[in-house]
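**Student:** Sequence first, then the predicted structure:
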Amino acid sequence: MEEAVRQKILEFQKNEITEHHIYRFLAKRSKGKNKEVFERIAADELAHYNKFKELTGEEVKPDRKKIVLYVILALIFGVTFAVKLMERGEEGAERAYEELSKDVPVAAEIVKDEFAHEQALIQMIEEEKLKYVGSMVLGLNDALVELTGSLAGFAFALQNSKVIGLAGLIMGVAASLSMCASEYLSQKSEAEEGKSPIKASLYTGMAYILAVVVLVWPFFVFSSYIIALIISLLGAVAIIYLFTFFMAVVKDQDFKAMFKEMLFISLGVALISFAVGLAARHWLGIEV
């Protein structure tokens with residue numbers, strides 16, 4: 001076996017044992033169906049590692065940094081996000097496997113088995129928070145659209161950073177409570193199986209409050225309302241980026257299309273509100 005081919009197999013071998021440890025950790029922290037799924041995937045990864053070890057005749061240590069990274073992602077964003085993000089990284093590896101299969105045919109068999117089997121198992125993962133993604137989307141979307149527009153309008157109408165922040169905070173808290181109540185009543189009337197109206201309303205409210213905090217805090221820190229508004233809008237962009245990336249991963253959707261659409265709506269409303277606030281200040285002659 002050529003040394004270049006052997007080194008490539010060693011890379012794949014390291015990846016298999018690394019993912020084995022990640023899935024074994026997830027299995028230890030899971031219960032019921034998810035525990036069984038992660039145990040099966042962990043066993044598959046170890047079996048693939050051993051097949052590669054037969055070819056190289058060498059033991060390989062796992063990538064500790066990768067293990068820590070995906071364990072942290074799983075703890076913060078959930079196991080579905082961490083697992084699907086990790087599997088997205090396998091797309092490039094699949095092409096490399098195909099190239100390697102010309103020299104080592106068994107490699108093609110391994111990746112074919114791995115891709116088909118693991119994708120089927122991953123679809124079986126159950127995670128409570130994903131049942132309420134729609135509620136989180138509702139809360140974030142509503143907060144971003146309403147609050148970016150309102151803060152932009154307040155900024156040019158009031159031109160006082162702390163007054164703008166206070167107005168935004170009061171409006172945001174009131175709106176979040178209103179959204180919680182509306183989502184609770186909506187879910188209760190629909191009575192969708194497996195979803196709790198109380199939990200749905202809480203997820204909506206928490207998403208809304210998160211957006212309120214990110215968008216409003218600059219106005220209490222910076223005396224210049226222009227600087228505060230710019231930072232607030234950058235915060236809105238950051239929320240949109242992170243949340244659409246999360247959604248794209250867990251729902252297997254197109255990240256770029258989702259990001260552009262949400263960004264266009266939120267910042268479009270903010271731009272219109274700029275003009276409304278400026279016009280209101282000019283026509284009404286209100287000074288604060």
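**Tutor:** Perfect, thanks for sending it. Numbering: from 1, shown residues only.
**Student:** Can you tell me the element residue 213 falls in?
**Tutor:** Residue 213 belongs to helix 197-221 when assigned by DSSP states H and E.
**Student:** What are the buried residues along that helix?
**Tutor:** Buried residues in helix 197-221, counted by 16 or more other CB atoms under 10 Å: 197, 199-212, 214-219. Where C-beta positions appear, they are placed from N, C-alpha and C, glycine not excepted.
**Student:** what does stretch 56-66 give?
**Tutor:** 56, 60, 62, 63, 66.
**Student:** likewise stretch 14-31?
**Tutor:** So stretch 14-31, judged by 16+ other CB under 10 Å, has buried residues 14-27, 30.
**Student:** Grab the nearest non-local neighbour of residue 248.
**Tutor:** residue 255 (3.6 Å; CB to CB, 6 or more residues apart in numbering).
**Student:** ok, back up a step: if you count contacts, what does the helix holding residue 213 end up packed against?
**Tutor:** helix 133-158, helix 161-190, helix 225-251 (3 or more CB pairs under 8 Å, 6 or more residues apart in numbering; DSSP states H and E).
**Student:** Can you name the residues in contact with stretch 21-33?
**Tutor:** 34-35, 38-39, 41-42, 45, 62, 66-67, 70-71, 74, 79, 82-83, 86, 124, 126 (CB atoms under 8 Å, 6 or more residues apart in numbering).
**Student:** Just the buried residues from the residues you listed, in PyMOL please.
**Tutor:** Selection of buried members from these for PyMOL, criterion 16+ other CB under 10 Å:
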select buried, resi 34+38+39+41+42+45+62+66+67+70+71+74+79+82+83+86
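**Student:** Which of the contacts of stretch 21-33 fall in helices?
**Tutor:** 34-35, 38-39, 41-42, 45, 66-67, 70-71, 74, 79, 82-83, 86 (DSSP state H).
**Student:** Of the residues you listed, which is the nearest to residue 180?
**Tutor:** Nearest to residue 180, judged by CB to CB, of the ones in helices among the contacts of stretch 21-33 is residue 79 at 26.7 Å.
**Student:** Could you list the domains of this structure?
**Tutor:** 3-126, 129-284 (automatic domain parsing).
**Student:** From residue 13, how far off is residue 170?
**Tutor:** Distance, residue 170 to residue 13, by CB to CB, to the nearest Å: 59 Å.
**Student:** Comparing the two, which shows the higher neighbour count?
**Tutor:** Counted by other CB atoms under 10 Å, residue 170 and residue 13 do not tie: residue 13 has more neighbours, with 21 against 11.
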